[in-house]
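Student: Here is the input, now give the coordinates:
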Amino acid sequence: ARPARIRTLGAFAALPVRDVTARFGVDEIRAHRLARGLYPRPPAPRPPLADLSVSTEFDPPAMAAEQVIFAAKSLAERLHEALVAEALTCVRIGVEVTGADGRTL
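Tutor: Purely as a prediction, here's the structure:
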């Protein structure tokens with residue numbers, strides 16, 4: 001029996017992986033992963049080459065939450081720019097806040 005024709009991207013994506021592997025070459029396997037919404041190959045995690053932490057200090061200490069929120073937005077933009085420059089994606093972020101009383105959260 002002759003295999004059915006594949007007429008749409010959805011039909012190609014719906015093919016079982018083992019059928020694509022058996023029937024097509026490496027380029028088509030990559031295309032099948034893309035059609036299924038997957039990367040052509042899984043990302044290779046690696047630590048950043050540089051310290052990408054960002055911080056700011058308030059002097060005098062911030063008295064209103066709005067000041068902290070505004071600073072956090074600015075820090076997030078700086079961090080994003082540093083990640084882009086290193087061609088990295090962030091999967092986890094830590095936030096540390098130290099109050100005027102020295103307590104760290």
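Student: Tell me which stretches of this protein form helices.
Tutor: 9-14, 17-23, 26-35, 65-85 (DSSP state H).
Student: Below-threshold pLDDT in the chain: ranges please.
Tutor: Counting by pLDDT under 70, the chain contains low-confidence residues at 1-3, 40-43.
Student: what's the distance between the residue nearest to the spatial centre of the chain and residue 39?
Tutor: Nearest to the geometric centre of the chain sits residue 89, at 4.2 Å (Cα atoms, centre = their mean). Counting by Cβ to Cβ, to the nearest Å, the separation of residue 89 from residue 39 is 12 Å. Heads up, the C-betas are built off the backbone N, CA and C, glycines and all.
Student: now do residue 74
Tutor: 32 Å.
Student: Between those two, which is the more surrounded one?
Tutor: Neighbour comparison, residue 74 and residue 39: the larger count goes to residue 74, with 12 against 9 (by other Cβ atoms under 10 Å).
Student: How about the contacts made by that one?
Tutor: By Cβ atoms under 8 Å, 6 or more residues apart in numbering, the contact list for residue 74 reads residue 56.
Student: again with residue 10
Tutor: residue 35.
Student: ditto for residue 50
Tutor: With Cβ under 8 Å, 6+ apart, residue 50 has these contacts: 82, 86.
Student: And for the one 5 residues further on?
Tutor: Applying Cβ under 8 Å, 6+ apart to residue 55 gives the contacts residue 75.
Student: Just confirm residue 58 contacts residue 64, I think it does.
Tutor: No - using Cβ atoms under 8 Å as the test, residue 58 is too far from residue 64 to be in contact (10.4 Å).
Student: just to revisit the earlier point, if I look at the residue nearest to the centre of the chain, how far off is residue 9?
Tutor: On the measure of Cβ to Cβ, residue 89 and residue 9 end up 26 Å apart.
Student: what's the answer for residue 70, then?
Tutor: With distances taken as Cβ to Cβ, residue 70 is found 45 Å from residue 9.
Student: same check, this time on residue 32
Tutor: Distance of residue 32 to residue 9, given as Cβ to Cβ: 10 Å.
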